[in-house]
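A.B. asks: I'll drop the sequence and a predicted model, then ask my questions.
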Amino acid sequence: MIWKILLVFLISMVPLIELRGAIPVAIGMDLGLPEWAVLIIALIGNIVPVPIIYLFARKVLVWGQRCKWKPFKQFCDFCLKKGEKAGNKLLKKAKSGTYVALFLFVAIPVPGTGAWTGTLAASILNLDFKKSMLAVILGVITAGLIMLLVSLGVFKVMFGG
């Protein structure tokens, strides 16, 4: 049983896969875990890295800009410049709804969105820690519920698929 729990937990921690992959895998493989347990394990696994990403991502990228190894330096420089440019563009559009936009970005379970990307953006843009954490965590919970419903086929039943 512990291996099944660990599998769901670890998959949900992987960038870009996160709980969007962990929940369907757990339901599809029929690990024998109750659906509510799969959701809770995936939520915890997806949320655990969030404060670490926020607190250290920008620092690592800034440090990497001073790195002597050119490919890493270029990668860090690219990430910061691209992240700041895209983020500032989003901030201008969102205005006072920045944290709602962050929530929606994390909550919509499509590739490229999620806790890792949303938290990285919040870190690069120096958004408020507490407000960012709240927006990301609520987004993760929403995405988790959506993925659980999709994985269980609820939407298929509701919309006659």
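C.D. replies: Now that the structure is in, tell me what you want to look at.

A.B. asks: quick one: contacts for residue 72?
C.D. replies: residue 64 (C-beta atoms under 8 Å, 6 or more residues apart in numbering). All C-beta atoms are positioned from the backbone trio N, CA, C, and that covers glycine.

A.B. asks: Equivalent analysis for the one 5 residues further on, please.
C.D. replies: Residues in contact with residue 77, defined by C-beta under 8 Å, 6+ apart, are 64, 65.

A.B. asks: redo that, cut-off 6 Å
C.D. replies: Residue 77 makes contact with residue 65 under the criterion C-beta atoms under 6 Å, 6 or more residues apart in numbering.

A.B. asks: Report the distance from stretch 27-43 to the chain centre.
C.D. replies: Relative to its parent chain, stretch 27-43 has a centroid offset of 18 Å by C-alpha atoms, centre = their mean, to the nearest Å.

A.B. asks: So which bits of it are buried?
C.D. replies: 27, 31, 33, 38, 39, 41, 42, 43 (16 or more other C-beta atoms under 10 Å).

A.B. asks: And it, end to end?
C.D. replies: Stretch 27-43 has its terminal residues 15 Å apart, counting by C-alpha to C-alpha, to the nearest Å.

A.B. asks: Quick check: phi and psi on residue 108?
C.D. replies: Per-residue torsions, residue 108: phi -80, psi 110 (degrees, to the nearest 10).

A.B. asks: burial of it, as a residue count?
C.D. replies: By other C-beta atoms under 10 Å, 13 other residues sit near residue 108.

A.B. asks: Check it and give its pLDDT.
C.D. replies: Per-residue confidence (pLDDT) for residue 108: 94.

A.B. asks: Same check on the one 3 residues further on?
C.D. replies: At residue 111 the predicted local confidence, pLDDT, stands at 82.

A.B. asks: Give me the neighbour count for it.
C.D. replies: Counted with other C-beta under 10 Å, the neighbours of residue 111 add up to 10.

A.B. asks: now swap in the one 5 residues further on and tell me
C.D. replies: Burial of residue 116 is recorded as 21 neighbouring residues (other C-beta under 10 Å).

A.B. asks: From the contact counts, what lies against the helix or strand hosting it?
C.D. replies: Mapping residue 116 onto the secondary structure by DSSP states H and E places it in helix 115-124. Helices and strands touching helix 115-124, by 3 or more C-beta pairs under 6 Å, 6 or more residues apart in numbering; DSSP states H and E, are helix 50-65, helix 70-94, helix 98-107, helix 129-152.

A.B. asks: out of those, nearest to residue 9?
C.D. replies: Closest to residue 9 of those, according to C-beta to C-beta: helix 129-152, at 13.1 Å.
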